[in-house]
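Asks: I need the structure of the sequence given here:
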Amino acid sequence: DESTWYGARVRFNFNEQFNMGLHALVKDYDNGNLFRLNKDLEEGLGNALGLTPAQVTGLFPVVEKWQTYWVDFGVNFNQNVALRGMYAMNKYDITGGTPSWMDDSPNAYKIIVDVKQDALKFTSLWLEYAKLDANFATHINGLSYAEQASGIIKPAILIDKPWRPFEMKYWMIAAEQKWNDKWATFQRYLDVDYDTAIGDLLDHTNWLFGVRYMYTSGLQFELMYDKIEADNV
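Replies: Down below sits the predicted model:
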């Protein structure tokens, strides 16, 4: 099916300390978009909710137009410490009207503290918190790890699906230590929390540890350990 996308962005740099951006993205689907899952995931969702395949398909409203508007800002306290944030609004036009269980105008927000290594000397630090209302969907899935295995619903699924019927929030700590021009180490801790538990859609944490070696300016090697641990089994 064909679709037409429109986008606009305006950025304001008021001074070295404060900047702001206004953004819009509109996706107009000629014949609507079901935002279906793949066969294995739909089967897993049906088994978790006790629904037939036809009933599972009925969960997916046909979105004719998906509009997203957001504002972001940055406050630079100095060259090494900054506060960043974003507030976003989705608006869905749905064939046959909005289902009673769905919010067609959900919101989301994110707040970030960004500290460069020059401030702490031994490490950089990135602190991030985000909250997405039920039915708020991102246009990309930035937490797409381990989405499926043998038809089982896994962490971070549905973050990019408008019909996701539950709230999602997460917080993350990321750090990197540049020891010299060749060697660096990095870590991440992520905690994802849903306001429901459907089948194997679980609150979870994610740990990551890694080391990076810059062989040349254009070639690097990384070794990482990554672990996802469910909280509410």
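
Asks: hey, let's count contacts and neighbours off CA atoms from now on
Replies: OK.

Asks: How many residues are close by Met89?
Replies: When neighbours are defined as other Cα atoms under 10 Å, Met89 has 19 of them.

Asks: Is it bridged to anything, and to what?
Replies: Beta-bridge pairing of Met89 under DSSP bridges involves Tyr69, Asn107.

Asks: What of Gly74?
Replies: Beta-bridge partners of Gly74, counted by DSSP bridges, are Asn19, Arg84.

Asks: and for stretch 59-78, what are the contacting residues?
Replies: Applying Cα atoms under 8 Å, 6 or more residues apart in numbering, the external contacts of stretch 59-78 come out as 16-36, 82-95, 98-99, 163.

Asks: And stretch 178-198, by the same measure?
Replies: For stretch 178-198, contacts defined as Cα under 8 Å, 6+ apart pick out 48-49, 122-123, 156, 166-177, 202-215.

Asks: let's go with 7 Å and repeat that
Replies: Stretch 178-198 has contacts (Cα atoms under 7 Å, 6 or more residues apart in numbering) with 48, 166-177, 203-215.

Asks: Please list only the buried members of these.
Replies: 48, 166-177, 203-206, 209, 211-213 (16 or more other Cα atoms under 10 Å).

Asks: Strands along this structure, start to end?
Replies: Using DSSP state E, the strands found in the chain span residues 3-13, 18-33, 63-76, 81-94, 107-115, 124-132, 148-149, 152-153, 168-178, 183-194, 204-216, 219-230.

Asks: which one of those strands lies closest to Pro53?
Replies: Pro53 sits nearest to strand 152-153 of all the strands of the chain, at 15.4 Å, using Cα to Cα.

Asks: From Ala175, how far out is the residue nearest to Pro106 when sequence neighbours are not counted?
Replies: Once flanking residues are discounted, Pro106 sits nearest to Phe136: 5.1 Å by Cα to Cα, 6 or more residues apart in numbering. Between Phe136 and Ala175 the distance is 28 Å, computed by Cα to Cα, to the nearest Å.

Asks: next one: Glu64
Replies: Taking Cα to Cα, one finds Glu64 at 41 Å from Ala175.

Asks: How about Phe209?
Replies: 10 Å.

Asks: contacting residues for the closest residue to Asp193 other than its chain neighbours?
Replies: Nearest residue to Asp193 in three dimensions, chain neighbours excluded: Asp203, at 4.7 Å (Cα to Cα, 6+ apart). With contact set as Cα under 7 Å, 6+ apart, Asp203 has these partners: 192-194, 230-232.

Asks: quick one: low-confidence parts of the protein?
Replies: Low-confidence segments of the chain (pLDDT under 70): 37-38, 40-41, 45, 48-49, 141-157, 196-202, 232-233.

Asks: coming back round to it: show the contacting residues for the residue nearest to Pro106.
Replies: 90, 106-108, 162 are the contacts of Phe136 under Cα under 7 Å, 6+ apart.

Asks: Swap in 8 Å and give it another go.
Replies: Counted by Cα under 8 Å, 6+ apart, Phe136 has contacts 89-90, 105-108, 159, 161-162, 164.

Asks: go on, Asn31?
Replies: 1-2, 64 are the contacts of Asn31 under Cα under 8 Å, 6+ apart.

Asks: The contacts of Asp203 into TSV, with extra columns for distance to Ile112 and neighbour count?
Replies: Below are the contacts of Asp203 laid out as TSV (distance: Cα to Cα, whole Å; neighbours: other Cα atoms under 10 Å):
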residue	distance to Ile112	neighbour count
Val192	16	21
Asp193	18	19
Tyr194	20	20
Ala230	25	16
Asp231	24	12
Asn232	27	10
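
Asks: is it possible to export those to CSV including distance to Arg11?
Replies: Formatted as CSV, the contacts of Asp203 follow (distance: Cα to Cα, whole Å):
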residue, distance to Arg11
Val192, 31
Asp193, 32
Tyr194, 33
Ala230, 40
Asp231, 40
Asn232, 42
